[in-house]
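**Q** Okay, sequence plus prediction incoming.
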Amino acid sequence: MSHPIAVMAGTPVDTHMGVSILKTRDLPCIPFPISMNPQEQTLFQVSPAGDKRRHMLALLRQSQSLGCRKVFVYCNSLSAAVDFPSLAQETGQRIVTPLEVYGSLARRYRKLAFIAANAQGLSGIERVLLGANPQLSTLSAALLPVVFAIEDGMEPEELTERFRLAELARWFSACGMEALLLGCTHFPYFKEALSRRTELPIIDPAAEMLDLLNA
């Protein structure tokens, strides 16, 4: 029997989204939501580094006790706010985060737009993108109210209209951006609805995260 994979994300909603992605490949998993809602998660992400490390290390140890040798961190801003590489070294677990995907993405483009839940997510994504391609031109936006709307179950079509996401995509495109990266793991929720309203290619890193997990 294969070992279960720990799925860690900011809230129960995006943790469930991560579980659903693993289930598409019939991978056994155990959910570990970090917070109860997006606001609580944002406060966690700006808490002292030592507090975050102790909390995450305790969860990782708990996952190990349940047989998890790999961890799927399905949250961009959490990945940016916590030093997962050092935690992976300490626990011996393989920890995959969305940030691992962005380095390869950066080298494919000259101009790239990205959206995230909060400034923690934007900062982490920007650091990885420019670290991989210093010549990359970027535009970005933090959209925490959109995350709240997704958590509340607003339909993708209504959400896309209410938050003017198509207008945002058109602005990115008018500024010369070649693609739009969904830098929050909540955002694939509205990918199809937005895709019908823009010609700008929309990038979801989930598939490449799965490839990293299986590497």
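**A** The structure has been received and is ready for your questions. Being a predicted model, the structure only gives us computed values, none of them experimental.
**Q** Now the longest helix seen in the chain: average pLDDT?
**A** Longest helix in the chain, counting residues (DSSP state H): helix 49-65. Mean per-residue pLDDT for helix 49-65: 97.
**Q** Mind giving me the packing neighbours of it?
**A** Judged by 3 or more C-beta pairs under 8 Å, 6 or more residues apart in numbering; DSSP states H and E, the packing partners of helix 49-65 are strand 5-9, strand 29-33, helix 38-45, helix 84-91. Where C-beta positions appear, they are placed from N, C-alpha and C, glycine not excepted.
**Q** what's around residue 46, how many residues?
**A** Neighbour count of residue 46, defined by other C-beta atoms under 10 Å: 11.
**Q** what's the answer for the one 10 residues further on, then?
**A** Taking other C-beta under 10 Å as the criterion, the count of residues near residue 56 is 24.
**Q** which stretches of this structure form helices?
**A** Assigned by DSSP H, the chain shows helices spanning 12-23, 38-45, 49-65, 76-81, 84-91, 99-106, 119-132, 144-151, 156-162, 165-174, 191-195, 206-214.
**Q** Give me the buried positions along stretch 115-132.
**A** For stretch 115-132, a neighbour-count test (16 or more other C-beta atoms under 10 Å) marks 115-126, 128-129 as buried.
**Q** Can you lay out those as CSV showing distance to residue 66?
**A** Shown next, in CSV, are these (distance: C-beta to C-beta, whole Å):
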residue, distance to residue 66
115, 34
116, 30
117, 28
118, 30
119, 33
120, 28
121, 28
122, 33
123, 32
124, 28
125, 30
126, 35
128, 30
129, 34
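**Q** for those residues, which one is nearest residue 194?
**A** Nearest to residue 194 out of the buried residues of stretch 115-132 is residue 115 (C-beta to C-beta; 10.2 Å).
**Q** Show me the beta-bridge partners of the closest one.
**A** residue 141, residue 182 (DSSP bridges).
**Q** wait, it sits on residue 185?
**A** No. The criterion here is C-beta atoms under 8 Å, and residue 115 misses it with residue 185 at 11.9 Å.
**Q** if we can go back for a sec, list just the one of the helices and strands packed on helix 49-65 that sits closest to residue 153.
**A** Across the helices and strands packed on helix 49-65, residue 153 has its closest neighbour in helix 38-45 (13.7 Å, C-beta to C-beta).
**Q** Which strands and helices lie in contact with that closest one?
**A** Counting contacts by 3+ C-beta pairs under 8 Å, 6+ apart, helix 38-45 packs against helix 49-65, helix 76-81, helix 144-151.
**Q** is it possible to export those to JSON lines including distance to residue 29?
**A** What follows is those, written out as JSON lines (distance: least, C-beta to C-beta, whole Å):
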{"stretch": "helix 49-65", "distance to residue 29": "10"}
{"stretch": "helix 76-81", "distance to residue 29": "17"}
{"stretch": "helix 144-151", "distance to residue 29": "21"}
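**Q** Most tightly packed of those helices?
**A** helix 76-81 (a mean of 28; mean count of other C-beta atoms under 10 Å).
**Q** and the gap between residue 18 and residue 202?
**A** For residue 18, the distance to residue 202 (C-beta to C-beta, to the nearest Å) stands at 19 Å.
**Q** which of these two has more neighbours?
**A** Set side by side, residue 18 and residue 202 show more neighbours around residue 18, with 26 against 18, by other C-beta under 10 Å.
**Q** All set, thanks.
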